[in-house]
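Participant: would you be able to build a 3D model of this:
(one chain, ligands or ions: 1)
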Amino acid sequence: MDNISTSGPIGIFDSGYGGLSVFKEIQQLLPQYDYIYLGDNARVPYGTRSFETVYNYTKQCVFKLFDLGCNLVILACNTASAKALRTIQQNDLPPGKKVLGVIRPTTEIIHNYTETKKIGILATTGTVNSESYKIEIQKFHPEIEVFQHDCPFWVPLVENNEINTEGAHYFVEKDIQELLKQSDEIDTIVLACTHYPLLLPVIEKYVPNHIRIISQGPIVAKSLKEYLNRHVEIENSCSKKGLLAFYTTDDPRDFENKAKIFFGKPVDASHISV
Ligand code: DGL
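Facilitator: Presented below is the predicted three-dimensional model:
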């Protein structure tokens, strides 16, 4: 039974719409919990910003989710996971609050996908420059070689719902070629920005058939389920009525229109200041 005085929704945070690609999978796998999604659409993109800015923005949003009653927050954003997660976990967490990211769950299981032991990472400039994927994969699977490429135009394409346009095809094809020319043995590409799965129909056109494309949503959802099974006290702090709430730092009507497409069902959104 829920502990009424302390239990709260699970918070899902992203700089914009990308986290919906993760939230969708989490909510499908774990529909019993309450969730609050917060998109910082007013300040997206994070991927081109400094470490300090990403840390400050992420911390503000995470604390807003704590204020709204969340005890557990998932950073459904690679850039925030790369640049802010560790510092928030080490320095900022109030008692009883937890924050998890999306990089660790992905890097832990990546060896299950590659045979050639050569993988490609497509991510924001911030995630690529942080070298988080290289460092984490080296730690768990030193036999795997990692090739990275940043795609700074992909997030604006998603945020503006310019997904099936000539511009999207141009940039997606160009960036995939840039990654693949680093090694002809890459057999797995990780979409290491949560916005990128929303471009999947375009990405699939330009990735050769023998290369596997990995979206993080299902991986993060499975990892959260296992985490909640292992940590009973945290699981008990998550309320369970199946309720969903959506907040954006920008225009809620615009959020509702785009989130309907990316989340796959209609949503009610409210504006929030952080
Ligand atoms: N969706 C985010 C990520 O996974 C951030 C994109 C951005 O704001 O640049 O990296």
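
Participant: make it CA atoms for all contacts and neighbour counts henceforth
Facilitator: OK.

Participant: now the terminal residues of stretch 67-86, how far apart.
Facilitator: End-to-end distance for stretch 67-86: 21 Å, by CA to CA, to the nearest Å.

Participant: nope, stretch 43-57 is what I meant
Facilitator: The first residue of stretch 43-57 is 8 Å away from its last residue (CA to CA).

Participant: avg pLDDT for it?
Facilitator: Stretch 43-57 shows a mean pLDDT of 95.

Participant: list of residues touching that stretch?
Facilitator: 15-16, 79-80, 83-84, 87, 124-127, 152, 155-156, 249 (CA atoms under 8 Å, 6 or more residues apart in numbering).

Participant: do that stretch and the ligand meet?
Facilitator: Yes: on the criterion CA under 6 Å from any ligand atom, stretch 43-57 is in touch with the ligand at 44-47.

Participant: host element of the residue of the stretch 151-274 of the chain at minimum distance from the ligand?
Facilitator: Nearest residue of the stretch 151-274 of the chain to the ligand, counting by CA to the nearest ligand atom: Cys193, 3.3 Å away. Using DSSP states H and E, Cys193 falls within no helix or strand.

Participant: that one - nearest residue in space that isn't next to it in sequence?
Facilitator: Using CA to CA, 6 or more residues apart in numbering and skipping the chain neighbours, the partner closest in space to Cys193 is Ala123 (5.1 Å).

Participant: over to Asn164?
Facilitator: Val202 (7.0 Å).

Participant: quick one: which helix or strand includes that neighbour?
Facilitator: Val202 belongs to helix 200-206, assigned by DSSP H and E.

Participant: buried sites along that helix?
Facilitator: Neighbour-count burial for helix 200-206 flags 202-203 (criterion: 16 or more other CA atoms under 10 Å).

Participant: and that helix, what does it pack against?
Facilitator: Helices and strands touching helix 200-206, by 3 or more CA pairs under 8 Å, 6 or more residues apart in numbering; DSSP states H and E, are helix 166-180.

Participant: can you list the residues that contact the helix it packs on?
Facilitator: With CA under 8 Å, 6+ apart as the contact definition, helix 166-180 has outside contacts at 120, 122, 147-151, 153-154, 157, 162, 186, 202-203, 206-207.

Participant: of those residues, which is the most crowded?
Facilitator: Gly120 (25 neighbours; other CA atoms under 10 Å).

Participant: and stretch 161-168, end to end?
Facilitator: Where stretch 161-168 begins and where it ends lie 10 Å apart, using CA to CA.

Participant: mean confidence score for it?
Facilitator: 94.

Participant: does Asn164 count as helix, strand or coil?
Facilitator: coil (DSSP: H, G, I helix; E, B strand; the rest coil).

Participant: and it, how far is that from Thr194?
Facilitator: Here Asn164 is placed at a distance of 18 Å from Thr194 (CA to CA).

Participant: give me phi/psi at Leu244?
Facilitator: Taking degrees, to the nearest 10, you get phi -120, psi 140 for the backbone angles of Leu244.

Participant: and it, what are its bridge partners?
Facilitator: With DSSP bridges as the criterion, Leu244 is bridged to Tyr35.

Participant: I'd guessed it sits against Gln32; true?
Facilitator: No: with contact defined as CA atoms under 8 Å, Leu244 and Gln32 do not form a contacting pair (10.5 Å).

Participant: mind listing what's buried in the helix or strand hosting Glu108?
Facilitator: Using DSSP H and E, Glu108 falls within helix 103-109. Neighbour counts using 16+ other CA under 10 Å place 103-107 of helix 103-109 among the buried residues.

Participant: what does the stretch 101-250 of the chain put close to the ligand?
Facilitator: Close to the ligand, as judged by CA under 6 Å from any ligand atom, the stretch 101-250 of the chain has residues 124, 155, 193-195.

Participant: and Cys61, what does it touch?
Facilitator: 13, 38, 40, 274.
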